[in-house]
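Colleague: Here is a sequence with its predicted model. Questions after.
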Amino acid sequence: MYLDGDECKGLPILCAEPDKLEGFINLKGSDGKAVKPADFGVLVREKFLEYEGYEKGDGFKVLDDDLKEHELYITGTYYNPFSQTSVISPQAYKLYLAGSMRSMHSLFKLPV
């Protein structure tokens, strides 16, 4: 979940090796070329940038289930008209989030 003014919205973040995602989520840009999450950031839907006013390189804060803040950076986008899932590599997860969360279902985004 993340806050957008007075409204609460969801932003699922999936942590997985890109080669393990086939059949679950299609990581391709709108040009049809394959994309993968970087080792230091999060990959979001192209529409997330459009709807939320972010750009590649922007950071946003998420909260874990202990309400501890973590900053994630948008390193790329993928095209998917249906899924709203963001994707983070296991390396980025370890860098930014590991050790602070008891559950992967506990991230909350805050306005920067």
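Modeller: Thanks, I have it.

Colleague: those helices in the chain, which residues are they?
Modeller: For the chain, the helices defined by DSSP state H occupy 46-52, 90-96.

Colleague: got the CA coordinates for the last one in CSV?
Modeller: So the one you mean is helix 90-96. Taking C-alpha atoms only, helix 90-96 is exported to CSV below (Å, rounded to 0.1, in the frame of the first residue of the first chain):
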residue,chain,number,x,y,z
PRO,A,90,16.8,-10.6,-5.3
GLN,A,91,20.0,-8.5,-5.2
ALA,A,92,18.1,-5.3,-4.9
TYR,A,93,15.8,-6.9,-2.2
LYS,A,94,18.9,-7.8,-0.2
LEU,A,95,20.4,-4.4,-0.7
TYR,A,96,17.3,-2.4,0.3
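
Colleague: any weak-confidence spans in this protein?
Modeller: 1-10, 63-65, 67, 98-112 (pLDDT under 70).

Colleague: circling back to that earlier point, most tightly packed of the helices of the chain?
Modeller: helix 90-96 (a mean of 17; mean count of other CB atoms under 10 Å). No exception for glycine: its C-beta is placed from N, CA and C like everyone else's.

Colleague: to the chain's geometric centre, what's the distance from that helix?
Modeller: Taking CA atoms, centre = their mean, to the nearest Å, one finds helix 90-96 lying 12 Å from the centre of the chain it belongs to.

Colleague: For residue 62, grab the count of nearby residues.
Modeller: Residues lying near residue 62 (other CB atoms under 10 Å) number 22.
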